[in-house]
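Fold the following and give me the result.
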Amino acid sequence: MTELDPVIHAPARLRIITALNEALADGDELTFPVLQKLLGMTAGNLTTHLGKLEGAGYVETTKAFAGRKPVTYVSLTATGRTAFRSYRTQLLELLGGGS
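Got it, this is the predicted structure:
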């Protein structure tokens, strides 16, 4: 039996990567506040978990300016999308539901 990816398996990170996988097409991104509102997470909690996902190469954050205001964008990398699909398949197999 294959072990589930511990980076994704934490409940908050699973919510983040699931939301990004569902909400974004390849190459798309969300602003940090939109993702925060979508998930109902505090900024600090979301930042911490995004850091873990980014460290694994699953998400990418980029900072830019909209006028004079800083904006952080979050996207799901190809590696992250592949890892999520693998995680989902493994979880379904573990639960006896197949893929």
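
Any idea how far apart the tips of stretch 27-44 sit?
Terminal residues of stretch 27-44 are spaced 25 Å apart (C-alpha to C-alpha, to the nearest Å).

what comes up buried for that stretch?
Across stretch 27-44, burial judged by 16 or more other C-beta atoms under 10 Å covers Glu29, Leu30, Phe32, Leu35, Gln36, Leu39, Met41. From N, CA and C alone the C-beta is placed, and that goes for glycine too.

try stretch 74-92
Val74, Ser75, Leu76, Thr77, Gly80, Arg81, Ala83, Phe84, Tyr87, Arg88, Gln90, Leu91.

Stretch 44-55 now?
In stretch 44-55, counting by 16+ other C-beta under 10 Å, buried: Leu46, His49, Leu50, Lys52, Leu53.

ok, the third one touching Leu76?
No - look at Leu50 against Leu76 with C-beta atoms under 8 Å: they stay out of range, at 11.1 Å.

Provide the contact partners of the longest helix along the chain at residue level.
Ranked by residue count, the top helix of the chain under DSSP state H comes out as helix 78-95. With contacts defined as C-beta atoms under 8 Å, 6 or more residues apart in numbering, helix 78-95 is touched by 1-2, 4-5, 7-9, 17-18, 20-21, 26, 53, 56-59, 76, 98-99.

Same check on stretch 11-21?
7-8, 30, 35, 38-39, 41, 45-46, 49-50, 52-53, 58-59, 74-76, 80-81, 83-84.

in what helix or strand does the spatially most central residue of the chain lie?
The residue lying closest to the centre of the chain (C-alpha atoms, centre = their mean) is Ile17, at 2.6 Å. Element membership for Ile17, per DSSP states H and E: helix 11-23.

Report the inter-axis angle for that helix versus helix 78-95.
Helix 11-23 runs at 110 degrees relative to helix 78-95, counting by axes from the mean of the first three to the mean of the last three C-alpha atoms, to 10 degrees.

ok so, going back, among the buried residues of stretch 27-44, which are in helices?
Those of the buried residues of stretch 27-44 lying in helices (DSSP H): Phe32, Leu35, Gln36, Leu39.

Now tabulate the residues you listed in a markdown table and tack on distance to Pro70 and pLDDT.
Below are those laid out as a markdown table (distance: C-beta to C-beta, whole Å; pLDDT from 0 to 100):
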| residue | distance to Pro70 | pLDDT |
| --- | --- | --- |
| Phe32 | 10 | 97 |
| Leu35 | 16 | 97 |
| Gln36 | 15 | 97 |
| Leu39 | 20 | 97 |
